[in-house]
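A.B. asks: Fold the following, please.
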Amino acid sequence: MDRRRRATVALTLNFLSLLFSITAFSSSYWCEGIRKVPKPFCTGKAGEKPAFCIRFNNTGSNGSSSSNAVQYTWETGDDKFIERHFHAGIWYSCEENISGDGEKCRSFIALTPPADRGVLWLSIVAEVLYITLLLTGVSLMSVEVCYYTSVIDGLKLNAFAAIFTVLSGLLGMVAHMMYTTVFQMTVNLGPEDWRPQNWDYGWSYCLAWGSFTCCMAASVTTINRYTKTILEFKQRKRNLERSLQNKQKVSDQDVSQPVWDVYINAVQSNREGFVDLAVTGQTPSPYGNANSFPYTQRDEYC
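C.D. replies: Model prediction:
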């Protein structure tokens with residue numbers, strides 16, 4: 001029951017790791033931040049005071065706007081820009097529209113500097129391998145928990161599941177670190193119309209590292225269970241060998257016991273006979289009563 005409980009815990013942790021990794025890989029909330037976007041020119045009526053555009057005075061004869069006649073209100077200290085939230089992932093980078101309705105998304109691969117796209121593709125390949133190995137580990141653990149017929153078969157499946165889980169955790173760690181490096185390089189060297197003023201890691205990034213944590217916990221549980229089973233087998237083997245040796249010693253003693261008992265009994269009987277004869281003053285004789293023999297024979301016997 002203890003091994004089965006450990007197997008269930010390892011399977012649950014590995015399944016959570018797989019679920020978290022797929023969710024983080026397909027989302028675009030690895031990093032979140034704020035960009036300052038220049039306000040566009042207002043196109044509405046003069047009486048309107050929209051908050052997301054800059055209004056000009058029509059000083060030209062043809063009604064065109066002049067950039068020298070911009071009306072500033074200075075209510076916020078910098079009314080030429082507006083802050084827009086953005087979020088980026090492995091595949092896309094999305095930003096709020098200036099009007100506040102919906103989002104405008106662009107490919108993050110296209111935004112990455114050309115010198116760093118190779119690292120980004122390596123990160124994507126590592127993420128795919130990470131998910132594949134996690135799926136393999138989950139499959140092996142499921143077979144071990146539900147369908148294996150003997151302890152030896154379960155032990156073999158346990159060993160392979162531990163190997164795949166450890167390899168997937170290492171690949172996941174490398175993939176997450178490579179993406180972090182690529183994003184920081186994109187923030188410094190990316191397009192001017194994309195660079196954020198401030199940013200931080202989002203929930204997908206935390207979910208990805210949570211997947212790595214669950215993966216490592218599952219691998220540690222699996223390896224611990226494998227090691228514990230091997231140690232139990234060795235301990236039982238030692239105990240079995242000791243019990244067999246003890247039984248062999250007992251059987252050998254039982255075989256030699258009748259001969260030894262005969263010898264001991266004979267010695268004890270002779271000693272008792274000597275003691276009895278010494279008390280009565282008679283000479284011990286193995287042939288019975290010494291008085292029944294002739295005198296010469298008694299001398300020769302003595």
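A.B. asks: Am I right that F86 sits in a strand?
C.D. replies: Yes. Counting by DSSP: H, G, I helix; E, B strand; the rest coil, F86 falls inside a strand.
A.B. asks: mean confidence for the one helix or strand E232 maps to?
C.D. replies: Take DSSP states H and E as the rule and E232 turns out to sit in helix 203-280. When pLDDT is averaged along helix 203-280, the result is 70.
A.B. asks: Also stretch 35-51?
C.D. replies: The model assigns stretch 35-51 a mean pLDDT of 65.
A.B. asks: swap in stretch 125-144?
C.D. replies: 92.
A.B. asks: Pull the CA coordinates from that stretch and hand them back as PDB.
C.D. replies: Only the C-alpha atoms of stretch 125-144 are listed here, as PDB (Å, rounded to 0.1, in the frame of the first residue of the first chain):
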ATOM      1  CA  VAL A 125      12.300  22.900 -29.300                       C
ATOM      2  CA  ALA A 126      13.300  22.300 -25.700                       C
ATOM      3  CA  GLU A 127       9.700  23.200 -24.600                       C
ATOM      4  CA  VAL A 128       8.300  20.600 -27.000                       C
ATOM      5  CA  LEU A 129      10.700  17.900 -25.900                       C
ATOM      6  CA  TYR A 130       9.900  18.800 -22.300                       C
ATOM      7  CA  ILE A 131       6.200  18.300 -22.900                       C
ATOM      8  CA  THR A 132       6.800  15.100 -24.800                       C
ATOM      9  CA  LEU A 133       9.000  13.500 -22.100                       C
ATOM     10  CA  LEU A 134       6.400  14.500 -19.500                       C
ATOM     11  CA  LEU A 135       3.700  12.800 -21.500                       C
ATOM     12  CA  THR A 136       5.900   9.700 -21.700                       C
ATOM     13  CA  GLY A 137       6.500   9.700 -18.000                       C
ATOM     14  CA  VAL A 138       2.800  10.100 -17.300                       C
ATOM     15  CA  SER A 139       2.000   7.200 -19.600                       C
ATOM     16  CA  LEU A 140       4.600   4.900 -17.900                       C
ATOM     17  CA  MET A 141       3.400   5.800 -14.500                       C
ATOM     18  CA  SER A 142      -0.200   5.200 -15.500                       C
ATOM     19  CA  VAL A 143       0.700   1.700 -16.800                       C
ATOM     20  CA  GLU A 144       2.700   1.000 -13.600                       C
END
